[in-house]
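> Build me a structure from this.
(one chain, ligands or ions: 1)
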Amino acid sequence: MALAAPARRPVVRAPASIGGAVRLRRGDAPAGDAPPHALPVADVFAAFHTSPRGLTGADAASRLASAGPNVIREVHGRPLALRFAANFTHLMALLLWIGGAIAFVARLPQLGVAIWAVNLINGAFSFWQEYKAEKATAALRRLLPRTARVIRDAREQRVPAETLVPGDLLLLEAGDRVSADARLIEDAELQVDQSTLTGESRPTHKVSRPVLETGGARAELPNLVFSGTCVAAGSGRAVVVATGMATEFGRIAHLTQTVGESPSPLQKELANVTRAVSAVAVASGVLFFVLAVALAGVDLAESFVFAMGMIVAFVPEGLLPTVTLALAMAVQRMVRRHALVKRLSAVETLGCTSVICTDKTGTLTQNEMTVRGLWMPAPARDGAPPGRWLTVGGAGYESTGALEQEGAPLATVDGDLALLLAAGALCTNARLLPPNAEACHWTVLGDPTEAALQVVARKGGLDLEQLLAQSPRLAELPFDSQRKRMSTLHALVEGTRRLYVKGAPRELLELCATYRSAGRDVPLDGAVRAAALDANDRFARDGLRLLAVACRDVAAAPGPLDAAAAERDLTLLGLAAMMDPPRPEVEAAVATCHRAGIRVVMITGDYGLTAESVARRIGIVRGDRPRIVTGRELESLDDDGLRSALAGEVLFARVSPEHKLRIVAALQAQGHVVAVTGDGVNDAPALKKADIGVAMGVAGTDVAKEAADMVLTDDNFASIVSAVEEGRAVYANVKKFICYIFTSNTPEAIPFVLFALSRGRIPLALTVMQILSIDLGTDMVPALALGAEPAEPGVMDRPPRRPDQHVITPALMRRAYLWLGGVQSLAAMTAFYFHFWVSGYWGQWFDLPASGSLYASATAMTLGAVVTTQIGNLFAQRTESASFFKTSLFANRLLWFGIASELVVVAAVIYAPPLQWVFGTAPFAPAHWLFLFAWTPALVLVDEVRKALVRRAERAMTRVPKGVTP
Ligand code: ATP
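Next up is the predicted model:
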C-alpha cells in the first residue's frame with residue numbers, strides 16, 4: 001500500500017539504491033534521505049541533476065561510464081564444465097564405460113579402447129553441437145535490439161536501452177517496454193502491466209504524484225515504473241532512478257534466468273526414439289550373445305565382442321544433438337529471410353501451419369500512403385448527386401502533384417477545400433523528412449496515413465508550420481484502434497477553440513450533424529449522407545483506404561478533453577482516399593500458400609470493401625462473393641455462427657485486436673495450426689494464443705514483439721511464407737539424416753545375421769570395430785550436412801504436416817532398412833565375396849578364411865562398399881519425393897565437405913598402419929575402388945524408382961475427380 005505524501009517537501013537526495021548512483025559533482029548540495037517516490041517532481045529533477053530538457057549527451061556519456069551499461073548480467077544456469085561432463089554421464093554413456101571396462105577385463109584391450117574412444121568422441125561431438133546451437137540462438141537476441149525513447153539535449157531521441165543512465169528522461173507510451181526503473185513525473189491515463197515482476201495480470205494504474213511508502217512491496221508504489229514491465233495504455237514521462245542489476249528486475253533476474261527453454265515436441269520425440277532404439281539394441285545385443293554362444297558355438301569373449309558391437313552400432317546417441325543443431329541452423333537461415341524465431345520449437349510448428357491470419361496495412365501492403373482522391377459534401381445541383389470529387393496527382397511523399405476537379409487542374413483552393421486540407425493536416429503527429437544522407441526521397445517519421453494528409457495539404461498550397469502557428473494545438477485525443485479516430489483541439493485566433501477529427505468514415509459520419517459548404521454549416525440531410533457513404537464505397541472498391549475529416553467549434557471548457565463529450569455534433573468536411581499499394585512479392589507468396597494447403601485469412605481494422613479489393617488483387621479472395629464479417633457482426637455471432645462463417649471464403653474487417661483472439665481460438669478448435677500477425681499492445685493476447693504469434697519488427701510495439709514467437713524484420717507477409725517453408729524443410733531434413741544413419745544399420749547387421757545363420761561358416765564380413773568406424777566416423781559429418789539442406793523442390797506443393805505426425809514413420813523405416821539398406825547390404829556382401837573370389841576362392845560361399853590379411857582386406861572391401869554406397873545414399877536422401885535430377889548438386893557445400901571427410905576417414909582406416917591394427921583392416925588393390933564406386937549411383941537410381949512411385953501416388957491423391965469443382 002502507498003499513500004499520497006503530505007505537502008511537506010522532503011529533503012532531496014540521490015538514493016543510494018540507484019544503479020551506479022549518480023555521481024554528485026563537487027559543490028553539489030548535500031544529500032538528504034528521501035527516496036525518489038516521496039519527492040515532488042521538481043525535487044526528483046534536482047535529486048538526479050536533470051531537468052525537463054533531459055540530460056546532455058556528454059552528461060549521459062559520463063554517467064554511463066560510471067554507472068555501467070543498463071544490462072541484466074546473464075546468470076548461467078550450469079557451469080560449462082558441468083554441462084560438458086553431462087554428455088559423458090548419461091545412461092547410455094555409463095553403459096558404454098562399463099562395456100569398455102568389461103572388454104579390458106575380458107583381455108580385449110582393442111575393443112575396450114575403441115568403446116571408450118567412441119564414448120569420448122561422441123560426448124565431445126554432442127557437447128560441441130549443443131554449444132553451437134546455444135550460441136546460434138543467443139545471437140538472435142542481439143538481432144532485436146531494445147531501444148528506449150528519451151529526451152536528451154532537449155530533443156526526443158531513440159537510444160539503445162543499454163545506454164540509459166540514472167537521470168535520463170524516459171518517454172513512455174502504450175506498447176513500450178520499460179527499460180529501467182524510473183520515477184514518473186507526468187502521467188496520462190498510464191497503465192502498466194507488471195506481471196513479469198508481480199505475477200499480477202491486470203494492468204496497474206500509475207501516477208506521478210509523490211507517495212509515502214507504508215511497508216508494501218516496491219512494485220506497489222504507484223509512481224514508479226519498473227524495468228521489464230510494459231505500458232498497457234496511456235502515456236507518461238519518467239526520470240530513470242536505477243539501471244541494470246540495480247533495478248527490481250535485476251534483483252530477481254537470477255530467479256528467472258535459470259528457467260531454460262523446454263524441449264520442443266520433436267526433441268522430446270527423438271529423446272523417446274533414442275531410448276526405445278537403445279532398449280532394442282541392448283536387448284538384441286544380449287539375444288545375440290546368447291544365440292552366438294548357444295547356437296553358433298562361438299566362444300564367450302568373441303560373443304561378447306559381437307554383442308557390444310551390436311549395441312554400440314545401433315544406439316543413435318548422436319541423434320538429439322544433431323537435431324538441435326539442425327533446428328538452430330534453420331533459425332539462422334530464417335534470420336536471413338527476415339524472420340526471427342524466438343524459440344527452437346517454433347521452427348517445427350511453422351512447418352505444420354495450416355492457417356495464416358494476417359492484417360493488411362503494412363504486412364500485405366507497403367504502408368506507403370498517397371492521397372489519390374478527395375470528396376467534399378455539397379448540395380445536389382442540376383440533377384447531379386451531391387458532392388464534389390477531386391483527384392490528386394503525384395507520387396510518394398513529395399509535395400508535387402496537382403489537385404484536379406472534373407479533369408482540369410484547380411485554379412484556386414477555395415475555403416471549404418482549404419479547411420478540409422488544413423483539418424486533415426493539423427490532426428496528425430507524423431513528420432515528413434526531406435531527402436537526406438540516408439534516403440534520397442521524402443520519408444516519414446510516424447504514421448504514413450497521417451503523412452499522406454500533410455502531403456496533400458502541401459499540394460493544395462498550405463504550410464503546416466504556419467497553420468500550427470495560427471492555431472496551436474491545445475490537446476489531443478490519440479488514435480486508438482477501438483474508436484478508429486483521432487482528434488486534436490486547437491486555439492483559433494478569435495479566442496475560440498476548434499476540434500479537428502479524422503477517422504473511419506462510416507463511424508465518423510454517425511457523429512456528424514452538419515457539413516461545410518460554401519463556408520457555412522448546413523444540416524446533414526439524408527441525401528448528402530447517402531452520397532458520402534456512396535463515395536466512400538466507390539473509393540473503397542478501388543482498394544483505397546479512407547478517412548473522413550470533420551470539425552467542431554467548442555467553447556473553452558475547463559478540465560481534460562473527453563472523447564465521448566467532444567466527438568459529437570461534428571461538421572463533415574470531406575473524405576480523403578489514399579492508395580497503399582500491395583507489396584510486390586505478396587501475390588506470389590499468397591499463391592504459394594494456396595499450393596501448400598495453407599489458408600490465408602485477412603483480419604483488418606480497415607473498411608470491408610477496401611479490404612476485399614486488396615484481398616482480391618493479391619489473390620487471397622478468389623470467389624465472387626466472399627463473406628465480409630465486421631467486428632460488430634462478429635460480436636453478435638455465436639460460436640456456431642463463427643464456425644460456419646469460417647467454413648467459406650471470409651475476411652474480417654473493421655475488427656479490433658480483441659476480436660482476433662476469438663477468430664484464432666475458433667480456428668484452433670477446428671484443428672488448425674494458426675499463425676497470426678499483430679503489432680499493437682492489444683494484439684498480445686492473440687499473439688500468445690496463436691500457435692505462431694508473428695510480430696512486426698519495424699512497426700510493432702515492444703509488447704507485441706515480446707508476446708510473439710517470431711518477429712518479422714521487414715514486416716512482410718512473404719517472410720512468414722518463407723519461414724513456413726524453412727519450417728517444413730528442417731523437419732524434412734531431420735527425417736533425411738535419420739533415414740541416412742538408419743540405412744547403414746542394415747549392411748552392418750547382415751554380416752552378423754549371416755554369420756549366426758551359417759553357424760560361423762560365413763566369416764564375419766564387417767567387424768565390430770569397423771562398424772564403429774562407420775557410425776562414429778564416416779557417417780557423422782555427412783549426416784550433419786543433410787541438416788543444412790535447402791528445401792527440396794515441391795516442399796510447398798504439399799498440404800501441411802499434421803502436428804501429431806511422427807518423424808519416424810513406417811515408410812521411413814521401409815526406405816532406410818529395406819529399400820536402401822537392402823541395396824547397401826547387397827553391395828557390401830558382394831564386395832566381400834568379390835575380393836575372395838578374385839583372390840583364388842572363385843565361387844566359394846562358405847568356409848572362407850576368417851583371419852589373416854586376405855580376410856582383413858575382404859572386410860576392408862565391405863567397409864569401403866558401405867562408405868561408397870552411403871555417398872550415393874547422401875544424394876538420394878536430399879529429396880524425399882522430388883527427383884534427384886531436379887536438385888542442384890552444389891546448393892549445399894557442406895555435403896561435399898561431408899563426402900570428403902567420409903573418404904578421408906575410410907582411407908585412414910584402410911591404409912594407415914596404426915588404424916589398420918585397431919580396426920583389423922588391410923589394404924586391397926586400388927583398382928577395386930572402381931568396383932566399389934560403381935555401386936554409388938545404384939542407391940540414387942533405386943531410390944529414383946521409389947520417388948517416382950511416391951510422386952504418382954501423391955498426384956493420384958490430389959487429382960480432382962471429374963465433375964467436382966475445386
Ligand atoms: P490493419 O488492421 O490491416 O493494419 P488498419 O491499419 O486499417 O488495417 P487500424 O490501424 O486499426 O487498421 O485502423 C482502422 C481504421 O482507423 C482505418 O481504416 C482508418 O479508417 C482509421 N485510421 C487509421 N489510422 C488513423 C489515424 N492515424 N487517425 C485517424 N484514423 C485512423
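
> near the ligand, which residues of the stretch 601-750 of the chain show up?
Among all residues of the stretch 601-750 of the chain, those adjacent to the ligand (criterion: CB under 6 Å from any ligand atom) are T604, G605, D606, Y607. Placement of C-beta: from N, CA and C, glycine included.

> For those, which single residue is the most surrounded?
Y607 (25 neighbours; other CB atoms under 10 Å).

> State the distance from that one to V614.
From Y607 over to V614 the distance is 10 Å, taken as CB to CB, to the nearest Å.

> What of S66?
Per CB to CB, S66 is found 53 Å from V614.

> what do you get for A422?
Distance from A422 to V614, by CB to CB: 30 Å.

> what about the helices in the stretch 401-550 of the chain?
Secondary structure of the stretch 401-550 of the chain, counting by DSSP state H, counting those that start in this stretch: helices at 415-426, 448-459, 464-470, 505-509, 526-541.

> and A422 and V614? which has more neighbours close in?
Neighbours per residue, other CB under 10 Å: of A422 and V614, the larger number sits with V614, 27 against 24.

> Does that one fall in a helix, a strand, or a coil region?
Secondary structure state of V614, per DSSP: H, G, I helix; E, B strand; the rest coil, is helix.

> So which residue of this protein lies furthest out from the middle?
Of all residues in the chain, the one whose C-alpha sits farthest from the chain's mean C-alpha position, using CA atoms, centre = their mean, is G840 at 64.2 Å.

> okay, it: pLDDT?
Among the per-residue scores, G840 shows a pLDDT of 92.

> Please settle this for me: is it part of a strand?
No - following the definition three-state DSSP, G840 is coil and is not counted among the residues of a strand.

> contacting residues around it?
By CB atoms under 8 Å, 6 or more residues apart in numbering, no residues touch G840.

> residue of the stretch 501-650 of the chain with the smallest distance to the ligand?
Using CB to the nearest ligand atom, the single residue of the stretch 501-650 of the chain nearest to the ligand is G605, 2.3 Å away.

> Leaving aside the residues adjacent along the chain, what's closest to that residue?
In space, and not counting its chain neighbours, G605 is closest to S481: 5.3 Å by CB to CB, 6 or more residues apart in numbering.

> how much space between that neighbour and V942?
As judged by CB to CB, S481 and V942 stand 59 Å apart.

> burial count for R152?
Other residues near R152 number 21, with proximity taken as other CB under 10 Å.

> before we move on, what about the one 5 residues further on?
A count of neighbours around Q157, defined by other CB under 10 Å, yields 15.

> Nearest spatial neighbour of it, chain-adjacent residues omitted?
Computed as CB to CB, 6+ apart, the closest residue to Q157 that is not its neighbour in sequence is V150, at 5.9 Å.

> would the one you found count as being in a helix?
No - V150: not assigned to a helix; according to three-state DSSP it is strand.

> how close does it get to the ligand?
24 Å (CB to the nearest ligand atom, to the nearest Å).

> Surely that residue and V165 touch.
No - the pair V150 and V165 does not pass the contact test of CB atoms under 8 Å, sitting 9.6 Å apart.

> Between the two, which is the more surrounded one?
For V150 versus V165, the count of surrounding residues by other CB under 10 Å is larger for V165: 31 against 25.

> and that one, what is it in contact with?
Contacts were defined as CB under 8 Å, 6+ apart; by that measure V165 touches G20, L55, A60, R63, L64, A67, N70, V240, T243.

> Let me know the secondary structure of the residue lying closest to it once chain neighbours are set aside.
Here the nearest residue to V165 in space, its sequence neighbours aside, is R63; by CB to CB, 6+ apart that works out to 3.8 Å. R63 falls in the helix class when you classify it by three-state DSSP.

> So which bits of the stretch 401-550 of the chain are right by the ligand?
When proximity is defined by CB under 6 Å from any ligand atom, the stretch 401-550 of the chain lies next to the ligand at 447, 449-450, 479, 481, 484-486, 502-504, 545, 547.

> Give me the lowest-pLDDT entry from these.
S481 (79).

> Against F897, how distant is the closest residue to the ligand within the stretch 801-950 of the chain?
When you check the stretch 801-950 of the chain against the ligand by CB to the nearest ligand atom, the closest residue turns out to be P803, at 27.8 Å. P803 sits 34 Å away from F897, taking CB to CB as the criterion.

> Which one of the helices of the stretch 401-550 of the chain has the poorest average confidence?
Looking at those, the lowest mean pLDDT belongs to helix 464-470 (a mean of 91).

> Now do that one: which elements does it pack against?
Using 3 or more CB pairs under 8 Å, 6 or more residues apart in numbering; DSSP states H and E as the contact criterion, the neighbours of helix 464-470 among helices and strands are helix 415-426, helix 448-459.

> OK, contacts around the residue of the stretch 501-650 of the chain closest to the ligand?
Neighbouring residues of G605 by CB under 8 Å, 6+ apart: D359, T361, S481, K484, A653, R654, V655, S656.

> and the residue lying closest to V823 once chain neighbours are set aside, what helix or strand is that in?
Across the structure, with CB to CB, 6+ apart as the measure, the residue nearest V823 apart from its sequence neighbours is V942 (5.2 Å). Secondary structure assigned from DSSP states H and E places V942 in helix 936-958.

> What lies in contact with that helix?
When contacts are defined by CB under 8 Å, 6+ apart, helix 936-958 is touched by residues 798, 815, 819-820, 823-824, 827, 868-869, 871-873, 875-876, 879-885.

> switch to 7 Å and redo it
Contacts of helix 936-958 from elsewhere in the structure, counted by CB atoms under 7 Å, 6 or more residues apart in numbering, are 815, 819-820, 823, 827, 868-869, 871-873, 875-876, 879, 881, 883-884.

> what does stretch 323-341 give?
For stretch 323-341, the surrounding residues in contact (CB under 7 Å, 6+ apart) are 129-130, 132-133, 136-137, 140, 143-144, 266-267, 270, 344, 347, 709-714, 716, 719-720, 722-723, 726, 730, 733-734, 787-788.

> Could you do stretch 512-527 as well?
Contacts of stretch 512-527 with the rest of the structure, by CB under 7 Å, 6+ apart, involve 377-380, 386, 415-416, 419, 528, 550, 569-573.

> Mind checking the pLDDT average for stretch 605-623?
For stretch 605-623, mean pLDDT rounds to 94.

> now the end-to-end length of it.
Criterion CA to CA, to the nearest Å; first-to-last residue distance in stretch 605-623 is 22 Å.

> Nearest residue to A233 in space, ignoring adjacent ones along the chain?
Computed as CB to CB, 6+ apart, the closest residue to A233 that is not its neighbour in sequence is Q191, at 4.3 Å.

> bridging residues for the spatially most central residue of the chain?
Nearest to the mean C-alpha position of the chain, counting by CA atoms, centre = their mean, stands M710 at 1.8 Å. Here M710 sits in beta bridges with V341, V694, going by DSSP bridges.

> how far away is P160 from F846?
Taking CB to CB as the measure, P160 falls 76 Å from F846.

> Which one's more surrounded, these two?
More crowded of P160 and F846, by other CB under 10 Å: P160, with 13 against 10.

> Can you give me the separation between the residue nearest to S881 when sequence neighbours are not counted and D181?
Across the structure, with CB to CB, 6+ apart as the measure, the residue nearest S881 apart from its sequence neighbours is V950 (4.4 Å). Here the distance between V950 and D181 works out to 60 Å (CB to CB).

> before we move on, what about D59?
19 Å.

> which regions of the stretch 301-450 of the chain lie under the pLDDT threshold?
Filtered on pLDDT under 70, the stretch 301-450 of the chain yields the residue ranges 309, 313, 317-318.

> 90 instead, please
Applying pLDDT under 90 to the predicted model, the residue ranges of the stretch 301-450 of the chain that meet it are 301-336, 340-349, 362, 379-386, 394-396, 399-401, 406-407, 411-412, 429-447.

> Just the strands from it, written as ranges.
Assigned strands in the stretch 301-450 of the chain, in chain order: 339-341, 355-358, 370-376, 388-392, 403-405, 408-409, 431-433, 443-445 (criterion: DSSP state E, counting those that start in this stretch).

> Sweet, I'm off.
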